[in-house]
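**Student:** Generate a structure from the sequence data that follows.
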Amino acid sequence: MKPGPRRIGIIGHGAIGARVAADIAAGKVKGATLEGIICRSAIDNAPAPQFEMEHALGRCDVLVECAGQEVLIEHGEAVLSAGVDLLATSVGALADPHLSQRLLAAGPGRLFLTPGSIGGLDLLASGARATGYDAVMITTTKLPGSLIQPWMDEAEADRIRNTPGPIEIFHGPAARATQLFPKSLNVAAAVALAVDDWDAVAVSVRADPAAELTTHLIEASGNSGNYRFEICNKVSPQNPRTSGVVPFAVLRSLELIIGARGGMI
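**Tutor:** Numbers count the residues shown, from 1 in each chain. Purely as a prediction, here's the structure:
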């Protein structure tokens, strides 16, 4: 690792990227400086210069992806091959085994994943390493409008949008869930990656017009024990598809990558 502050680039400047960039620029991440931002559109009052990906690879030590799965698909290998570390928020992209293999094999840059809006992944990973699980289930409940997807026909979109009460709109494996709801179910990907078994994780997605909070109920059972976590997050004021805590999870992950602080990981 080069001495001195780590030069950070942010990919994306939406609900997550804007807050991450602002906090780094304000000196709230020890050992980090904001080198620039990669964004398709111009940013008013940007806290750092905007630049293209090819320029970022020569100027940054770490790139933080806050812009969606397409970034990892299009640029992930190039970033890592350039020797730049990559912190990914859109971990659902790794549901594609071919992409996952390519990214994990690329280097010398390192790929890091943030836990985003959930906790308990360390314990789930420990149990999986010890004995594995008989069953892992995630039940996610969100406001109906945040779950409507471009692939849905109008009848299904109306059914979800106008539901008078809770309804299940998907039940199936984690890999399929993250593909169908790419901006809403990184939680499913994070759990599948933690237990290192995409096939073992089942997902239920529910729309509830009374859901003031986004809820993720994670249940796992195996020889190491039975685990049950319920996480209820307030949504981001800027983007109802994501939880408001996610930018702060990204900032904490970045601090751990930089290694400027000790403490629990």
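
**Student:** Over stretch 156-171, what's the mean pLDDT, rounded is fine.
**Tutor:** Mean pLDDT, computed over stretch 156-171, is 96.

**Student:** Which positions in stretch 87-102 come out as buried?
**Tutor:** 87, 88, 89, 90, 91, 92, 93, 94, 95, 96, 99, 100 (16 or more other CB atoms under 10 Å). C-beta here means a position set from N, CA and C on the backbone, and glycine is covered the same way.

**Student:** Might one say that the last one is in contact with residue 88?
**Tutor:** So the one you mean is residue 100. No: taking CB atoms under 8 Å as the definition, residue 100 is not a contact partner of residue 88, at 11.1 Å.

**Student:** Give me the subset of the buried residues of stretch 87-102 lying in helices.
**Tutor:** 99, 100 (DSSP state H).

**Student:** The buried residues of stretch 87-102 into CSV, with extra columns for pLDDT and distance to residue 69?
**Tutor:** What follows is the buried residues of stretch 87-102, written out as CSV (pLDDT from 0 to 100; distance: CB to CB, whole Å):
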residue, pLDDT, distance to residue 69
87, 96, 15
88, 94, 9
89, 92, 10
90, 90, 4
91, 90, 9
92, 89, 6
93, 90, 4
94, 91, 9
95, 90, 9
96, 91, 9
99, 93, 9
100, 91, 12
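
**Student:** Just the buried residues of stretch 87-102: which are in strands?
**Tutor:** 87, 88 (DSSP state E).

**Student:** from the buried residues of stretch 87-102, which is closest to residue 251?
**Tutor:** residue 87 (10.2 Å; CB to CB).

**Student:** Surely the closest one and residue 61 touch.
**Tutor:** No: applying CB under 8 Å, one finds residue 87 not in contact with residue 61, separated by 11.2 Å.

**Student:** Looking at the buried residues of stretch 87-102, spot the one nearest residue 71.
**Tutor:** residue 90 (6.9 Å).

**Student:** wait, that closest one sits on residue 71?
**Tutor:** Yes: using CB under 8 Å, residue 90 is in contact with residue 71, at 6.9 Å.

**Student:** and the gap between residue 230 and residue 246?
**Tutor:** Using CB to CB, to the nearest Å, we find residue 230 at a distance of 18 Å from residue 246.

**Student:** Okay then, goodbye and thanks.
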